[in-house]
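K.L.:
only the shape, not the letters, is given here:
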């Protein structure tokens with residue numbers, strides 16, 4: 001699996017359940033959210049705009065992903081919603097690693113450059129690193145409609161947190177395209 005296939009496989013509506021743990025304060029929080037994920041072509045206006053914000057040639061983009069979310073309130077929390085766009089840059093037609101452009105919100109700022117890699121186990125690892133923050137997220141498919149996600153975040157002030165999410169596809173995805181051989185074998 002390459003980055004384009006991973007992003008395309010992620011498309012659809014998902015229900016996400018998460019448990020987050022503040023490792024320094026021993027505080028655990030559970031929550032859930034609805035996610036809407038859209039795979040974006042390399043020539044999508046959102047992909048081009050994010051490349052331009054980073055001052056990167058848009059022709060280097062492999063593909064993009066738009067993620068929108070609505071968090072379900074837990075106890076006295078306010079409902080949270082937002083969106084982000086990710087753009088993968090890579091070399092070749094089917095890259096398994098490369099640079100990741102990431103923006104949040106309508107202005108897509110501040111820019112958060114990162115990197116991605118897909119391992120032999122087909123899990124996607126995303127890393128965003130600055131002088132004040134290190135964030136690593138690992139995503140993989142346990143089955144066609146079950147995606148798992150773990151993340152760790154280390155901040156310069158010594159705060160460390162970890163998160164586990166299980167995500168169930170609720171629909172909204174196009175069926176995978178059949179290869180020529182598969183289509184002909186059914187005829």
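P.N.:
Done, it's in. Being a predicted model, the structure only gives us computed values, none of them experimental.
K.L.:
so where's the chain uncertain?
P.N.:
Applying pLDDT under 70 to the chain flags the ranges 73, 75-76, 92-94, 104-111, 173-187.
K.L.:
which strand in it runs the most residues?
P.N.:
strand 27-40 (DSSP state E).
K.L.:
buried ones in that one?
P.N.:
31, 32, 33, 35, 36, 37, 38, 39, 40 (16 or more other CB atoms under 10 Å). C-betas here are computed from N, CA, C, even on glycine.
K.L.:
now flag whichever of the residues you listed is closest to residue 126.
P.N.:
residue 37 (14.0 Å; CB to CB).
K.L.:
circling back: quick check: the farthest pair among the buried residues of strand 27-40?
P.N.:
31 and 40 (26.8 Å).
K.L.:
for residue 128, see how far away residue 139 is.
P.N.:
14 Å (CB to CB, to the nearest Å).
K.L.:
gap between the nearest residue to residue 123 once chain neighbours are set aside and residue 118?
P.N.:
Nearest residue to residue 123 in three dimensions, chain neighbours excluded: residue 140, at 3.8 Å (CB to CB, 6 or more residues apart in numbering). Separation of residue 140 from residue 118 (CB to CB): 10 Å.
K.L.:
report the secondary structure state of residue 46.
P.N.:
Under DSSP: H, G, I helix; E, B strand; the rest coil, the three-state class of residue 46 is helix.
K.L.:
the nearest residue to it once chain neighbours are set aside pairs with what?
P.N.:
Distance criterion CB to CB, 6+ apart; nearest residue to residue 46, sequence neighbours excluded, is residue 85 at 5.1 Å. With DSSP bridges as the criterion, residue 85 is bridged to residue 66, residue 103.
K.L.:
and residue 85, what is it in contact with?
P.N.:
40, 46, 47, 50, 64, 65, 66, 67, 102, 103, 108 (CB atoms under 8 Å, 6 or more residues apart in numbering).
K.L.:
likewise for residue 146?
P.N.:
Here residue 146 is in contact with 166, 167, 168, 169 (CB under 8 Å, 6+ apart).
K.L.:
of those residues, grab the buried ones for ChimeraX.
P.N.:
Buried members of these, defined by 16+ other CB under 10 Å, are picked up in ChimeraX with:
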select :166,167,169
